[in-house]
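Chemist: quick one, fold the following:
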Amino acid sequence: MHEMSLMGDIIQLVCDDAATRGIKRIEKIELTVGEISNAMPDALRMAFAIFHEQNPQIFTEKAELIIHLEAAKAKCVICDLEYRPDQKIALCPNCHVPAGRVLSGDTFQVLSYEGSKVDESNIKNRRTDE
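Modeler: Presented below is the predicted three-dimensional model:
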């Protein structure tokens, strides 16, 4: 399952950027995942849950992963038919030639993330200690 590795890379990318902005804890990560991007949304969600559980110093308690699915669309360069491919290289349903140009559905990217500049776990600990 390469989604564990993908999610690890996403979290590292987000954490690196968050550190430059003074953000201490991640609250939300939003992704766009295309139907033919070779990334499985359910596996990404499971990987996120594992990272979330194992890294409470990175995430807020209610941190969430939001995935926007991007529909696959291709256009045949021979007959101009737009169709929905089931993989990156697919036969045109009209002329039966693998001459489709992918228009959408192969995206895999971080759209945004949200976080807080205050480490809430330290605040809770200080309050209970006082």
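
Chemist: next secondary structure element downstream of the longest strand seen in the chain?
Modeler: Counting residues, the longest strand found in the chain (DSSP state E) is strand 59-70. With elements assigned by DSSP states H and E, the helix or strand that comes after strand 59-70 is strand 73-76.

Chemist: now that following strand: how far from the chain's centre is it?
Modeler: Relative to its parent chain, strand 73-76 has a centroid offset of 24 Å by Cα atoms, centre = their mean, to the nearest Å.

Chemist: other residues contacting the very next helix or strand once past that strand?
Modeler: Under the assignment DSSP H and E, the closest C-terminal helix or strand after strand 73-76 is strand 82-83. With contact meaning Cβ atoms under 8 Å, 6 or more residues apart in numbering, strand 82-83 is reached by 73-76, 90, 92-94, 100, 103. The way it works is simple: take the backbone N, C-alpha and C, and place the C-beta from them, glycine included.

Chemist: just the buried ones from those?
Modeler: 73-74, 76, 90, 92, 100 (16 or more other Cβ atoms under 10 Å).

Chemist: which of those residues has the weakest pLDDT?
Modeler: Note: of those, the lowest pLDDT belongs to Ala90, at 87.

Chemist: show me what contacts it?
Modeler: Ala90 neighbours (Cβ under 8 Å, 6+ apart): 74, 83, 98, 100.

Chemist: what's the farthest-apart pair in these?
Modeler: Tyr83 and Pro98 (12.1 Å; Cβ to Cβ).

Chemist: tell me, what's touching these two both at once?
Modeler: 90, 92.

Chemist: more neighbours: these two, which one.
Modeler: Higher neighbour count among Tyr83 and Pro98: Tyr83, with 17 against 10, using other Cβ atoms under 10 Å.
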